[in-house]
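# structure for this input, please:
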Amino acid sequence: MKSMKILLSIILTMMILAVSGCSTMQQEEEDEPQLIANKSNGKMAFWDKQKRGANFMNSTSLPENYKAAKEFNIEFIRLAPDKWAKDRDFLFNDKPDVHPERDFLIGSANEYEGIVEEDFAELEADLDAAYERGSKVVLTVLSLPGNRWRQFNHYENDDRIWKDTKYHEQSASFWRDLAQRLKNHPAVVGYNLINEPHPETATGFGDFWTEDYREWYNNVEHTAADLNELYKTIVDSVRTVDKETPIILNSGLYATPWAFEYLKPIKDDKVLYAFHMYEPYEMTSQNKRKGFTYKYPGPVVVGERQTEKVFNKNALEEFLEPVTKWSKQNNIPANRIIVEEFGINRLVEGSDKYMADLISIFNQYGWHWAFYAFREDTWEGMDYQLGNQAPNWKYWEALENGEKPNREEIEVNNPIWNVLKKELKGN
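Numbering: from 1, shown residues only. I've put the predicted structure just below:
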């Protein structure tokens, strides 16, 4: 009898283990499709959770900066390589541009005739270096056909693209050609089609503080000055060769949040929408030449009517309302919004508080963000590792010798960089 009970116990145990094993196998089978589904999302999956990044807009490819960025937990780099086409004397020494009509990758903004092979080889090597160092990259351009970057155009806006749709087509051809070559590059997680577009400047609109966006857009809709038309043309072209890489679209008037009012979502589930935040510009752009009149928080005179407005965290949130309103109206989730650039001259009083308040708002909404800039080599006003004082002589000596400043010698403990370091660690 006792042996029979033992036998029954063994049989019962085996049955329980068998059922448990089937349950486990079933659970594994149920989990596996989910893992496959996640993998099938490809590069778009990178953006499912909030990412915190930085901008690289240096004079040349600087692969060592990818390593440094990774050490600070910077999760993606927004790379604009346009300056690589220019000579050092032009960028650093205020000398004339000896190649005024040479534009990186596109050859010339006057007429696109194909990607410049030498430029692409330089870009590809940089992206390879990013991948080797564990960095993800959003690639953007400062110039398109018919739209040369203002700083490379005698500080005048090049508005040809907003007056003639032939430049829309040329821009679409350029991005299709580039996407064909980069679609499988493991470092690239986004194509940002154009940095800070500004069709408004070609059509008489210039002050979002006082002018009516709706009235302006009604007059330009479906014309060459319609940013939505440009985007549709380029996106359609890119998708003929690359259906997976995320595409990122800036709002108008230099990527102001206010221009979201007329931005039309693209029918593509791999598109993100972006804006830049330097407002109030009268405060954030102060420098030694202009003088430092404003501090944060505090009153700032803004707009053509010279209206005084107090800027603090509440005012910043109010300024960003067009983005939150647009995203709700169009059912665009927070992880499809990127604050691609934000910053302030580090010498402005309260600059650390300004950055902290902005990042707090971005985190509250769950938006991706990238500060401007990380180790900028052509201008040190937003190189936050230098602190809130002018850099010491070793910094300038290194630049004069064409060398990279030694960060161990010039970095200081400072409030504004501490804000960024803390927030980058937080993710």
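# secondary structure class of the residue nearest to N250 when sequence neighbours are not counted, three-state.
Excluding the flanking residues, the one nearest N250 by CB to CB, 6 or more residues apart in numbering is A274, at 5.2 Å. For glycine as for every other residue, the C-beta is placed from the backbone atoms N, C-alpha and C. Per DSSP: H, G, I helix; E, B strand; the rest coil, the local secondary structure of A274 is strand.
# from E403, how far out is N192?
Per CB to CB, to the nearest Å, N192 is found 31 Å from E403.
# mind listing what N65 touches?
Listed by CB atoms under 8 Å, 6 or more residues apart in numbering, the contact set of N65 reads F56, N58, F374, R375.
# how about JSON lines for those, with pLDDT, distance to Y213 and neighbour count added?
Compiled in JSON lines, the contacts of N65 are given as follows (pLDDT from 0 to 100; distance: CB to CB, whole Å; neighbours: other CB atoms under 10 Å):
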{"residue": "F56", "pLDDT": "98", "distance to Y213": "32", "neighbour count": "27"}
{"residue": "N58", "pLDDT": "96", "distance to Y213": "34", "neighbour count": "20"}
{"residue": "F374", "pLDDT": "97", "distance to Y213": "33", "neighbour count": "26"}
{"residue": "R375", "pLDDT": "94", "distance to Y213": "36", "neighbour count": "20"}
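# from the residues you listed, which single one is nearest V235?
F56 (24.5 Å; CB to CB).
# isn't S285 right up against Y278?
Yes - using CB atoms under 8 Å, S285 is in contact with Y278, at 6.9 Å.
# helix/strand/coil for the residue nearest the centre of the chain?
Centroid-nearest residue in the chain, with CA atoms, centre = their mean: E340, separated by 3.2 Å. Three-state call for E340 (three-state DSSP): strand.
# spatially nearest residue to it (excluding sequence neighbours)?
A274 (4.3 Å).
# tell me how many other residues crowd the one you found.
Residues within reach of A274, counting by other CB atoms under 10 Å, total 26.
# now name the helix or strand holding the closest residue to I234 other than its chain neighbours.
Closest residue in space to I234, ignoring its immediate chain neighbours: A172 at 4.7 Å, by CB to CB, 6+ apart. Assigned by DSSP states H and E, A172 belongs to helix 166-182.
# shouldn't E261 be in contact with E215?
No - counting by CB under 8 Å, E261 does not reach E215; the two are 11.1 Å apart.
# more neighbours: those two, which one.
Between E261 and E215, counted using other CB under 10 Å, the more crowded position is E261 (18 against 9).
# state the distance from N65 to R133.
Where R133 is concerned, N65 sits at a distance of 9 Å (CB to CB).
# likewise M355?
Applying CB to CB to M355 and R133 gives a distance of 25 Å.
# equivalent analysis for R289, please.
Taking CB to CB, one finds R289 at 36 Å from R133.
# now stretch 120-133: mean pLDDT?
Per-residue pLDDT values over stretch 120-133 give a mean of 98.
# where exactly do the strands run in the stretch 1-150 of the chain?
Ranges of strands in the stretch 1-150 of the chain, per DSSP state E, counting those that start in this stretch, are 52-56, 76-79, 137-140.
# could the ones you listed go into JSON lines alongside distance to Q180?
Shown next, in JSON lines, are these (distance: least, CB to CB, whole Å):
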{"stretch": "strand 52-56", "distance to Q180": "24"}
{"stretch": "strand 76-79", "distance to Q180": "19"}
{"stretch": "strand 137-140", "distance to Q180": "14"}
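# how about the ones you listed, which one is nearest P197?
Short answer: strand 137-140, nearest of those by CB to CB, at 11.1 Å.
# restrict the closest one to CA atoms and write it as CSV.
C-alpha atoms of strand 137-140 as CSV (Å, rounded to 0.1, in the frame of the first residue of the first chain):
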residue,chain,number,x,y,z
VAL,A,137,23.3,59.8,-35.1
VAL,A,138,20.5,62.0,-36.5
LEU,A,139,21.9,63.5,-39.7
THR,A,140,20.8,67.0,-40.7
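# and that strand, average pLDDT?
98.
# now stretch 406-416
For stretch 406-416, the per-residue pLDDT averages 73.
# what of stretch 331-348?
On average, stretch 331-348 scores 97.
# then stretch 215-229?
Stretch 215-229 shows a mean pLDDT of 97 in the predicted model.
# tell me which residues of that stretch come out buried.
For stretch 215-229, a neighbour-count test (16 or more other CB atoms under 10 Å) marks W216, Y217, V220, A224, A225, D226, L227, N228, E229 as buried.
# got the contact list for that stretch?
By CB under 8 Å, 6+ apart, the list of residues contacting stretch 215-229 reads 161-165, 167-168, 197, 199-200, 202-205, 252, 259, 261-264.
# write the ChimeraX selection for whichever of the residues you listed are buried.
Under the burial definition 16+ other CB under 10 Å, those of the contacts of stretch 215-229 that qualify are selected in ChimeraX by:
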select :161,162,165,167,168,197,199,200,202,203,205,252,259,261,262,263
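# looking at the contacts of stretch 215-229, which are in strands?
Using DSSP state E, no member of the contacts of stretch 215-229 sits in strands.
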